[in-house]
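Student: how would this look folded up:
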Amino acid sequence: MFDIKENLKKLPDSPGVYLHKDKLGQVIYVGKAISLKKRVSQYFRNSSKHSPKVRAMVENIEEFEYILAAGEMEALILECNLIKKYAPKYNVLLRDDKSYPYIEITLGEKFPRILKTRRTDRKKSRYFGPYSDAGSVTKIVELLMDIYSIKRCNMRTFPKNFRPCLNFYIGKCEGICTGKVDPDEYLKKIDEIQEFLSGKTGNLKRKLEKEMDDASENLDFEKAAKIRDQLAAIESISETQRASIFGIKDIDVVLGIKTGEKCYAVQFLVREGKLVQREYFVMSGALDKKESVSEFIKQYYAGSMNLPYQILIEEELPEQELIAEFLSNIAGRKVEIYVPQRGNKKEILELAQKDSVELKGSIDLREKNKKERADKVREEFNKIISQIKGNDISQLPQGYRVEAYDISNTNGIDSVAGMVVFNELVADKKSYRRFKIRTVEGPNDYGSMQEALYRRLRAAKAGEPAFLPLPDLILLDGGKGQVSAGMQALAALKVDIPIVGMAKDEHHRSRALVFKPCVAAMENFPSRGEEKNNMGKFSAEFDGFCELELRDNPLLFKYIGIIQEEVHRFSIDYHKKLRGKRIVASVLDDIKGIGEARRTALLAHFGNIDAIKNAELDELAKAPKMNESAAKAVREFFDK
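Tutor: All right, here's what the predicted structure looks like:
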């Protein structure tokens, strides 16, 4: 177990970021400190001086870890990034929650836009940054939009007779909405913008200088003056930002660590000479640190749109020059991989090495605590399974595959079942499955649960790979009725798997586990209302069912709660998706000449009802399975 007092003694008197975690290992608070030793220790003394919120947080701290930083500013940047990543419960009122801005080019759109953004999760966009000066980012974006007359609105399609906005009339936008802009010419501008943001400013400068000279020769001095100001702005931005934005100070450090049987690649992102982010990745199958680093660099950066200029490592790699050449080809410029021997790059590497040593200790401890928690949960499940099957606990599985099921519908309409999987007590999202209920009519959760389980187990018995292997334990969202329905499905297929219901209280939280013990186990159960302490608090139920109350077992309560929330989320998301499609389909049903085939084709082609509503007549006519008369029917319906 994590000994807080002992680990407080080991804290360095150095700047950095600390992460407080609860019993389940979830990050509940991220903070920064000039002195980690002084700041973290403050939480665990003089509790009477803490605010109620801090006292509540401290009561939930089960362990902590920290990341070293070179200074206070670097710690702030790290803190912001970690808060964004974990969204900890007790960081809601953080005073300074800003994050570095990026410049985004929305390459997934027919006419891409250029934006200032603080999110980088759109797969079809390209990002430049991060930048430390938000004001400079705003200036760059505005300048590039002015020079190239880039689209400013977020509309992708435009209805018939759409009137251009003011930006078109004052020359700030070419007017995509008019339909007169050549997409190929527009994309050439986007290419030039990407070139500029990649640090190649010469072409843009030469272009503007020529335009300024032409304007002067034509005596258009107002236009020439405007271009002169744009050139001055570009020069100013280039000079002040070159080192931090475009220069070789965009560096990644990649190190390897080995802890137990696992190897990790640790990636540090250095921007403007500051450590802004640290990530670590399990490298399955790697035998040592060097192999972890080599495979990580090849696999991770091969799919990256924004490669660093330099990747620092601590020891030479096999085929290092070949890998660097490979990455340079992807980036379209030189990418260096090397071991720094002196100067500030050496200092950056040494700081990362020092931090990776601390990280290794943290991972070792985390894995130990994780195993202890898993062993305790497994022990509780073993007790329940032994009561259901009558097995000796020593004969029960050591590694668990737990499957949980939930039903979601609206008064029996669009009824679905969700199946989530936890392998070794960790969510395995690749194994999640969902079922559209076919045979049950109306709001019948018991029948729906029975159908879903039957179909899942029948597929497994038929040898379908997507439904293998069978679970060691099945959890159902609900009580005795759901468990009975599930047992009937198993009996019909002659499958013997323990089934447990997850009963909720009036606040929709996990209250108890409901199951049916075997006959031999029932003889040892108390009569209704009595208590027995060998497994916690039990109450015998009618029809041979019993409940294990969770209020006296905090770890099992939280773990069951996590599973219950996850299966509920997964099933209701699928239900909402089906419901949304049905509502959209019902709108299109009212259009004469639009049957099921055309309705499906329209939705597949345009994506949503708004896009169909805003589509031009010729766009509708060119869509799959459509013709001119059907397109006119759609256009007339939405133009009413």
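Student: can you pull out the strands in the stretch 251-400 of the chain?
Tutor: Under the criterion DSSP state E, counting those that start in this stretch, the stretch 251-400 of the chain carries strands at the ranges 251-259, 262-271, 274-282, 310-312, 336-338.
Student: the ones you listed: lowest mean pLDDT?
Tutor: The minimum mean pLDDT among the strands of the stretch 251-400 of the chain belongs to strand 274-282 (a mean of 74).
Student: just the buried positions in stretch 614-632, please.
Tutor: The neighbour-count check on stretch 614-632 (16 or more other C-beta atoms under 10 Å) flags 614, 615, 616, 619, 620, 621, 623, 626, 630, 631 as buried. C-beta coordinates here come from the backbone N, C-alpha and C atoms, glycine included.
Student: quick check: next helix or strand after the helix-or-strand element of the chain with minimal mean pLDDT?
Tutor: Between all helices and strands in the chain, the lowest mean by mean pLDDT, DSSP states H and E belongs to strand 538-540, at a mean of 46. Next helix or strand after strand 538-540 toward the C-terminus (DSSP states H and E): strand 546-549.
Student: pull up the pairing partners for that following strand, direction included.
Tutor: Here strand 546-549 is paired, per DSSP bridges, with strand 510-515 (antiparallel), strand 538-540 (antiparallel).
Student: which residues does the nearest residue to residue 162 once chain neighbours are set aside contact?
Tutor: Nearest residue to residue 162, sequence neighbours excluded (C-beta to C-beta, 6 or more residues apart in numbering): residue 177, at 5.1 Å. Contacts of residue 177 were listed using C-beta atoms under 8 Å, 6 or more residues apart in numbering, and they are 153, 155, 158, 162, 164, 165, 168.
Student: can I get those in TSV with secondary structure and pLDDT?
Tutor: Conversion of those to TSV gives the following (DSSP: H, G, I helix; E, B strand; the rest coil; pLDDT from 0 to 100):
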residue	secondary structure	pLDDT
153	coil	83
155	coil	74
158	coil	71
162	coil	74
164	coil	81
165	coil	82
168	helix	80
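Student: touching, residue 631 and residue 612? I think so.
Tutor: No - using C-beta atoms under 8 Å, residue 631 makes no contact with residue 612, being 10.6 Å away.
Student: shared neighbours, those two?
Tutor: residue 620.
Student: in the sheet, who's paired with residue 21?
Tutor: Residue 21 has these beta-bridge partners by DSSP bridges: residue 27, residue 63.
Student: how close does it get to residue 550?
Tutor: The gap separating residue 21 from residue 550 is 22 Å, by C-beta to C-beta, to the nearest Å.
Student: same check, this time on residue 436
Tutor: According to C-beta to C-beta, residue 436 and residue 550 sit 32 Å apart.
Student: of these two, who's got more company?
Tutor: Remark: of residue 436 and residue 550, residue 550 carries more neighbours, 25 against 12, as counted by other C-beta atoms under 10 Å.
Student: excluding chain neighbours, what is closest to the more buried one?
Tutor: residue 557 (4.1 Å).
Student: so that neighbour is in which element?
Tutor: Assessed by DSSP H and E, residue 557 sits inside helix 554-588.
Student: so where is the stretch 351-500 of the chain shaky, pLDDT-wise?
Tutor: 391-399 (pLDDT under 70).
Student: quick check: the gap between the residue nearest to residue 550 and residue 433.
Tutor: According to C-beta to C-beta, residue 557 stands 26 Å off from residue 433.
Student: residues contacting residue 293?
Tutor: Contacts of residue 293 (C-beta under 8 Å, 6+ apart): 254, 255, 256, 265, 313, 317.
Student: rerun at 6 Å
Tutor: Neighbour list for residue 293: 254, 256, 265, 313 [criterion: C-beta atoms under 6 Å, 6 or more residues apart in numbering].
Student: for the residues you listed, work out which two are farthest apart.
Tutor: Within those, 265 and 313 form the most distant pair, 10.5 Å apart (C-beta to C-beta).
Student: so between these two, which is more surrounded?
Tutor: Comparing residue 265 with residue 313 by other C-beta under 10 Å, the one with more neighbours is residue 265, at 24 against 21.
Student: mind checking the SS state of residue 78?
Tutor: At residue 78, secondary structure determined by DSSP: H, G, I helix; E, B strand; the rest coil is helix.
Student: give the contact list for it.
Tutor: Counting by C-beta under 6 Å, 6+ apart, residue 78 has contacts 17, 69.
Student: tell me the spacing between it and residue 257.
Tutor: For residue 78, the distance to residue 257 - C-beta to C-beta - is 19 Å.
Student: then residue 46?
Tutor: 36 Å.
Student: of these two, who's got more company?
Tutor: Neighbours per residue (other C-beta under 10 Å) separate residue 46 from residue 257, with residue 257 holding more: 20 against 8.
Student: beta partners of the more buried one?
Tutor: Residues in a beta bridge with residue 257, per DSSP bridges, are residue 264.
Student: is it true that it touches residue 267?
Tutor: No - the pair residue 257 / residue 267 is not scored as a contact, 11.6 Å apart, by C-beta atoms under 6 Å.
Student: that older thread, could you look up the SS state of the residue nearest to residue 162?
Tutor: Assigned state for residue 177: helix (three-state reduction, three-state DSSP).
Student: just the helices in the stretch 101-250 of the chain please.
Tutor: 134-148, 166-169, 183-197, 202-217, 221-241 (DSSP state H, counting those that start in this stretch).
Student: so for residue 109, which of those sits nearest?
Tutor: Nearest of the helices of the stretch 101-250 of the chain to residue 109, taken as C-beta to C-beta: helix 183-197 at 10.0 Å.
Student: for residue 631, pull up the helix or strand it's in.
Tutor: helix 628-638.
Student: rounded mean pLDDT for that helix, please.
Tutor: What helix 628-638 shows for mean pLDDT is 87.
Student: stretch 563-574 too?
Tutor: For stretch 563-574, mean pLDDT is 93.
Student: kindly report the same for stretch 126-139.
Tutor: Averaging pLDDT along stretch 126-139 gives 72.
Student: span of it from start to end?
Tutor: From its first residue to its last, stretch 126-139 covers 19 Å (C-alpha to C-alpha, to the nearest Å).
Student: do stretch 384-404 as well
Tutor: OK, stretch 384-404 end separation, C-alpha to C-alpha: 16 Å.
Student: just give me the neighbour total for the residue lying closest to residue 346 once chain neighbours are set aside.
Tutor: Of all residues not flanking residue 346 in the chain, residue 340 sits nearest, at 4.5 Å (C-beta to C-beta, 6+ apart). Neighbourhood size, residue 340 [other C-beta under 10 Å]: 18.
Student: what does residue 390 give?
Tutor: For residue 390, using other C-beta under 10 Å, the count is 12.
Student: that one and residue 518 touch, don't they?
Tutor: Yes - at 4.3 Å, residue 390 counts as touching residue 518 under the criterion of C-beta under 6 Å.
Student: any shared contact partners between these two?
Tutor: Applying C-beta under 6 Å, 6+ apart, one finds that no residue jointly contacts residue 390 and residue 518.
Student: which one of the contacts of residue 177 is nearest residue 278?
Tutor: The shortest approach to residue 278 among the contacts of residue 177 belongs to residue 153, at 38.3 Å (C-beta to C-beta).
Student: apart from its chain neighbours, what residue comes closest to that closest one?
Tutor: residue 165 (6.8 Å).
Student: same thing with residue 262?
Tutor: residue 282 (5.9 Å).
Student: what residues of stretch 412-431 count as buried?
Tutor: Under the neighbour-count criterion of 16+ other C-beta under 10 Å, stretch 412-431 has 414, 415, 416, 417, 418, 419, 420, 421, 422, 423, 425, 431 buried.
Student: and that stretch, how far from the chain's centre?
Tutor: Remark: stretch 412-431 is offset 18 Å from the chain centroid, using C-alpha atoms, centre = their mean, to the nearest Å.
Student: which residues are in contact with that stretch?
Tutor: Contacts for stretch 412-431 (C-beta under 6 Å, 6+ apart): 374, 377, 399, 401-409, 432-437, 442-443, 448, 452, 566-567, 570-571, 574-575, 578-579.
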